[in-house]
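S.K.: fold the stuff below for me.
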Amino acid sequence: MLRKKIELKQNWLFTGRDGIQIQTDLPHTWNAADGQDGGNDYYRGTCCYETVFPKPDYDEQTQCVYLEFQGVNSSASVEVNGANAMSHNGGYSTFRADITELLQEENSLTVRVDNSVNDKIYPQKADFTFYGGIYRDVLLRIVPKNHFELDYYGGEGIKITPDVKGEDGIIRIECFHKVPGAEVLVSLYDAQEHCAAEGSGEDVTLTIPKVHLWNGIRDPYLYTARAQLVKDGAVQDEVCTHFGVRTFQMDAKKGFLLNGRRYPLHGVSRHQDRKGIGNALLKEHHDEDMKLIREIGANTVRLAHYQHDQYFYDLCDKYGMVVWAEIPYISEHMPNGREDTLSQMKELIVQNYNHPSIVTWGISNEITISTKDTKDMLENHHLLNDLCHKMDPSRVTTLACYAMCNPFSKVVHITDIVSYNLYLGWYVPGLFLNDVFFRLFHLRYPKRCIGYSEYGAEGMPNLHSEHPKRGDHTEEYQALYHEYMLKCFAKYPFIWATHVWNMFDFAADARDQGGEPGMNHKGLVTFDRKTKKDSFYLYQAYWSRKPMVHICSKRFKERGTEKITVKVYTNLPEVSLYRNGELLEKKQGDKVFTFTVSLDKDSETKIEARAEIKKRTLKDTAVFEYRQKPKSYKLEKKRSKSANWV
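M.R.: So this is what the prediction gives:
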């Protein structure tokens, strides 16, 4: 075995605020609690992690040892045996260093982590919690001294650029190393591990005849590239990576095209945190998130607002999710932060270049929310845009504009394509304004590809209303909002992608809304991933091919009126509604069905929705109860309701 990995997960001494020490394992964040409760005790500062590890077993003549961190937020200073090993700014990417010369028989490792307020490291102002800690894996990587490049922005030393010509895949493989006199042998394998093509060279182009395309959620086919570093007839090092072969295009009239065919992108945005653990996720948490995203029927994910775990990008490759990847250049332009934006973009591209799921690099989000089109801000955007094109001519650039950003603004027209974060019908009244915006933008800029990068409304599973309205945070208004948006999008085939904000509720320490401070409740699923809101099932009815039926407002059990409206979501054309076991009404329709139901005065009323498909009956049930004095499903005390976080 040419390479070996050793995880440093256990037995860390953590020194937090006020010098309090605890023993902990990784991954870990010190804001798992205070970053999610909206209180004033949310701690942003410097904390320390320490551990001891034995000298790993390796051949000192032929091998070396790298220390690798896959995510430390947001700055890290690393010492091995008291000597400086590396430092890093940027909380969402991989960084590493060769520590071979620092190793002893027993080794102390000290990591000082800082997520304090500053004016040079992004993000500093945004609607999510900036968790501090070592929240992803830490590894010792034992590799040959003659190895592929590991010191360039956290990459693996191999870069794969696929293209298609006729029925053939044209694959360019670039490999990077610093070994004089060595050659590189490259082999490409299909999913059955059969060799599809092979050749040699540090920059070689190979052809895969009758290539099997990576085709989104329908058929996310992956190949494997293996590169071997050979010197004096002996293999010195080897690196393998998956890749997919596909073409894509953003068209100002047709929207997104995958492999030459129109492929409307409809999906969600995702933050990487969850209740009780913050951003210190394990693989099973990523797996559960992907399972839920697939269950809803999405075919695209905007991974906001920073670089996510490599494991999740791998899942997107595996399951065919088209991805928008971005850096946390967000909400506020900092004149001293330019170098950080460039560094984070380089890391994002180098570390994620080979993922077929990624089609666009996002250079900023809502940057004009607190910064006008200043010369310095525009120059920063142009530098990032040019950097992306230089490092990766195969993908397009995008950015997400704040709702109030004038379409005539210069920043709107820097990137190849553009998207908007519009909450029309939530932060401001008038759902119809969504139609007005897209019609006017497309009329004025018919050759400009436009998408909808964020849209949503707060929805709390414990808040309900017979007459939902904007700003009430009820599950019912959130559902009405999304019903309108789905119909709206169907009118405009030129939209290159739509991304719901958000797939999951997430922590936002600056918020105090909906009766639960420190949270953004626009998710279709709750923060703990245990409750799917009604809006989740609405999207499932529109997007999923798996037959489903769902009765809405089940949690709104006690009613103060004898007649209620029962709403049913399904992707089947006909629904039968039963009241206390007897057929009440059968309706034909599309996605959203409504029924008027009388409630019993003296007992519960049991409702069942049935939908038939191929001699199979799908069912969902709910129980409602009439009460003269039903319990309250409204906010217990007044809060800022529909106000934004800024």
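
S.K.: what's the neighbour count on Cys405?
M.R.: Residues near Cys405, counting by other CB atoms under 10 Å, number 20. The C-beta positions use only the backbone N, C-alpha and C, and glycine is treated the same way.

S.K.: can you check the one 3 residues further on too?
M.R.: Phe408 sits with 9 neighbouring residues when counted by other CB under 10 Å.

S.K.: got a list of contacts for the host helix or strand of Gly169?
M.R.: Using DSSP states H and E, Gly169 sits within strand 168-175. With CB atoms under 8 Å, 6 or more residues apart in numbering as the test, strand 168-175 has contacts from 148, 157-164, 184, 186, 188, 197, 202-211, 213, 225, 227, 229, 239, 243, 245.

S.K.: just the ones of the residues you listed in strands?
M.R.: Using DSSP state E, the subset of those located in strands is 158-164, 184, 186, 188, 197, 203-208, 225, 227, 229, 239, 243.

S.K.: quick check on these: which are buried?
M.R.: Taking 16 or more other CB atoms under 10 Å as the criterion, what is buried in the ones in strands among the contacts of strand 168-175 is 158-162, 164, 184, 186, 188, 197, 204, 206, 208, 225, 227, 229, 239, 243.

S.K.: could I get the buried residue list for the strand holding Gly169?
M.R.: Those would be 169-171, 173-175, for strand 168-175 by 16+ other CB under 10 Å.

S.K.: pLDDT (mean, whole number) over that strand?
M.R.: Mean pLDDT, computed over strand 168-175, is 98.

S.K.: tilt between that strand and strand 203-208?
M.R.: 150 degrees (axes from the mean of the first three to the mean of the last three CA atoms, to 10 degrees).

S.K.: between strand 168-175 and strand 183-189, how many degrees?
M.R.: Using the same axes, to 10 degrees: strand 168-175 against strand 183-189 is 140 degrees.

S.K.: strand 168-175 pairs with which strands, and in what direction?
M.R.: Sheet pairing of strand 168-175 (DSSP bridges) gives strand 158-165 (antiparallel), strand 203-208 (antiparallel).

S.K.: tell me where the stretch 301-450 of the chain has strands.
M.R.: For the stretch 301-450 of the chain, the strands defined by DSSP state E, counting those that start in this stretch occupy 322-326, 358-365, 396-402, 418-421, 450-454.

S.K.: just the helices in the stretch 351-500 of the chain please.
M.R.: Assigned helices in the stretch 351-500 of the chain, in chain order: 375-391, 433-444, 475-489 (criterion: DSSP state H, counting those that start in this stretch).

S.K.: which of the strands paired with strand 168-175 sits closest to Cys316?
M.R.: strand 158-165 (16.2 Å; CB to CB).

S.K.: roughly how far out does that closest one sit from the chain middle?
M.R.: 24 Å (CA atoms, centre = their mean, to the nearest Å).

S.K.: list of residues touching that strand?
M.R.: For strand 158-165, the surrounding residues in contact (CB under 8 Å, 6+ apart) are 148, 169-176, 211, 213, 225, 227, 239, 241, 243-247, 259, 353-354, 356, 394.

S.K.: so the residue of the chain most remote from its centre: helix, strand or coil?
M.R.: Distance from the C-alpha centroid of the chain, by CA atoms, centre = their mean, peaks at Asp602 (48.3 Å). With DSSP: H, G, I helix; E, B strand; the rest coil as the basis, Asp602 sits in coil.

S.K.: begin at 693 from now on, thanks
M.R.: OK, 693 is where the count begins now, so the last one is Asp1294.

S.K.: so it versus Gln755, what's the distance?
M.R.: 79 Å (CB to CB, to the nearest Å).

S.K.: next one: Glu1208
M.R.: 52 Å.

S.K.: re the thing from before, now the strands of the stretch 993-1142 of the chain as TSV including mean neighbour count, distance to Ser767 and mean pLDDT?
M.R.: Shown next, in TSV, are the strands of the stretch 993-1142 of the chain (neighbours: other CB atoms under 10 Å; distance: least, CB to CB, whole Å; pLDDT from 0 to 100):
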stretch	mean neighbour count	distance to Ser767	mean pLDDT
strand 1014-1018	25	20	98
strand 1050-1057	26	21	98
strand 1088-1094	24	25	97
strand 1110-1113	24	28	97
strand 1142-1146	25	28	97
